[in-house]
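Visitor: Fold the stuff below for me.
(2 chains)
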Amino acid sequence: MANRNNEEWIGDLKSTGPRQELALSDLHAIILKGLPYGLSKWLSPTNPKFQPLAEEVAQDTLLRVLDRLDTFEGRSKFTTWVYKIAIRLAITELRRKRWENISLDELINDNDKVFSARLMSNSAPGPESSVTGADMISLISRIIQEELTDKQRQAMIAIGIKGMPMEEVARRMGSNRNALYKLLHDARIRLKNRLALEGLTPEDVWSVFEHE
Amino acid sequence: MKNEEARQSRQLIQGILQKLQNTREQEFSCEETYHLIDQYAEIIEKGEDAQTIMPLIKHHLDMCPDCREEFEALLQILENISPNEV
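Guide: So this is what the prediction gives:
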């Protein structure tokens, strides 16, 4: 396989005929070589599902690379940029499969309970403070109920307790990961501002837990 | 059941608090991070100081589990494939 620099990759992939075909074939092999490392925490290469996934991802990556060739800015090695695309495609598919049978409603049916549970502290108040972690949980729960939208609360529960990927939460909300991140950023800013109105910082509240 | 609810509430709220401590008015979005993540991964792979060079990317990866997973997967590839092989 020829070693190419970024310009040579672009030139070869933009050409036609055997020159482009060779570049595509080389890139295909490069993607397949990298995926076992990139997906090592997700799927073993010995798993029978690995090879079909890797092949599908490699094909989809080549199509996407050709489609977006003009957006490559040369900030990284060309192959690193290609791997970034392949990883996004592969992990998106793996997340989708892992969570495909789980609905958001099912996951967060205890929504209200989580934010309004009457909580008991496991330990007595420390000598340095009469405020307990349970008090703080009640306060934060109330603030969350008052300040955040249903959607923001649901996303926090699905991600924070259930471990659902943001991408999967967003898909179920008819949104996308980028928009969901912004929604949650807005939520965090609102909570932080409200805490400030209550005369507290997140660090103040955290320190109560640390002292228990 | 009540204990389980209490445990979940505590887990969730502590997680939210950790994020609040790290919340900034201006943060990179997932799209902005994705745009630069290949460059960032190469910087990390070379052992350079990412916090200084690309602090907004590092911050986003601390806040966004999905982008963090994809970054770590990309880094795994860079760390295991020699530049001469590609």
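Visitor: any low-confidence regions in chain A?
Guide: A:110-114, A:116-130 (pLDDT under 70).
Visitor: what about the helices in it?
Guide: A:6-14, A:17-38, A:50-67, A:78-99, A:104-107, A:111-116, A:133-147, A:150-160, A:166-172, A:177-197, A:202-210 (DSSP state H).
Visitor: Could you save those as CSV and add columns showing distance to B:Ile16 and mean neighbour count?
Guide: For every residue, glycine as well, the C-beta is placed using N, CA and C. Below are the helices of chain A laid out as CSV (distance: least, C-beta to C-beta, whole Å; neighbours: other C-beta atoms under 10 Å in any protein chain shown):
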stretch, distance to B:Ile16, mean neighbour count
helix A:6-14, 42, 16
helix A:17-38, 30, 18
helix A:50-67, 34, 16
helix A:78-99, 22, 21
helix A:104-107, 17, 14
helix A:111-116, 10, 17
helix A:133-147, 7, 18
helix A:150-160, 6, 20
helix A:166-172, 15, 22
helix A:177-197, 7, 18
helix A:202-210, 9, 16
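Visitor: For B:Thr52, find the nearest of the ones you listed.
Guide: Evaluated over these, closeness to B:Thr52 peaks at helix A:78-99, with 20.7 Å, by C-beta to C-beta.
Visitor: Tell me which other helices or strands that closest one touches.
Guide: helix A:6-14, helix A:17-38, helix A:50-67, helix A:166-172, helix B:30-45, helix B:65-80 (3 or more C-beta pairs under 8 Å, 6 or more residues apart in numbering or on different chains; DSSP states H and E).
Visitor: and B:Asp66, what does it touch?
Guide: For B:Asp66, the contact set (C-beta atoms under 8 Å, 6 or more residues apart in numbering or on different chains) comprises A:Arg95, A:Pro165, A:Met166, A:Glu167, A:Arg177, B:Cys30.
Visitor: Skipping adjacent residues, who's closest to it in space?
Guide: A:Met166 (4.7 Å; C-beta to C-beta, 6 or more residues apart in numbering or on different chains).
Visitor: related to what we said a few turns ago, format the helices of chain A as a markdown table; extra columns: distance to B:Ala73.
Guide: Listed next are the helices of chain A as a markdown table, based on distance: least, C-beta to C-beta, whole Å:
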| stretch | distance to B:Ala73 |
| --- | --- |
| helix A:6-14 | 22 |
| helix A:17-38 | 4 |
| helix A:50-67 | 12 |
| helix A:78-99 | 5 |
| helix A:104-107 | 25 |
| helix A:111-116 | 31 |
| helix A:133-147 | 32 |
| helix A:150-160 | 19 |
| helix A:166-172 | 14 |
| helix A:177-197 | 16 |
| helix A:202-210 | 30 |
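Visitor: Ok, which of these comes nearest B:Ser82?
Guide: helix A:17-38 (10.6 Å).
Visitor: Please enumerate residues in contact with the closest one?
Guide: Helix A:17-38 is contacted from outside by A:1-2, A:4, A:9, A:12-15, A:45, A:50, A:54-55, A:57-59, A:61-62, A:65, A:79, A:82-83, A:86-87, A:90, B:73-74, B:76-77, B:79-81, B:85-86, using C-beta under 8 Å, 6+ apart.
Visitor: Output that helix as CSV - backbone C-alpha positions only.
Guide: Taking C-alpha atoms only, helix A:17-38 is exported to CSV below (Å, rounded to 0.1, in the frame of the first residue of the first chain):
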residue,chain,number,x,y,z
GLY,A,17,-10.6,5.4,-12.9
PRO,A,18,-7.9,3.1,-11.5
ARG,A,19,-6.1,5.9,-9.6
GLN,A,20,-9.3,6.6,-7.5
GLU,A,21,-10.1,2.9,-7.2
LEU,A,22,-6.7,2.1,-5.8
ALA,A,23,-7.0,5.0,-3.3
LEU,A,24,-10.5,3.8,-2.2
SER,A,25,-9.3,0.2,-1.9
ASP,A,26,-6.3,1.4,0.3
LEU,A,27,-8.6,3.5,2.4
HIS,A,28,-11.0,0.6,2.9
ALA,A,29,-8.2,-1.5,4.2
ILE,A,30,-7.0,1.3,6.5
ILE,A,31,-10.5,1.6,8.0
LEU,A,32,-10.8,-2.1,8.6
LYS,A,33,-7.4,-2.2,10.2
GLY,A,34,-8.3,0.6,12.7
LEU,A,35,-11.8,-0.5,13.7
PRO,A,36,-10.8,-3.4,15.9
TYR,A,37,-8.8,-0.9,18.1
GLY,A,38,-11.4,1.8,18.0
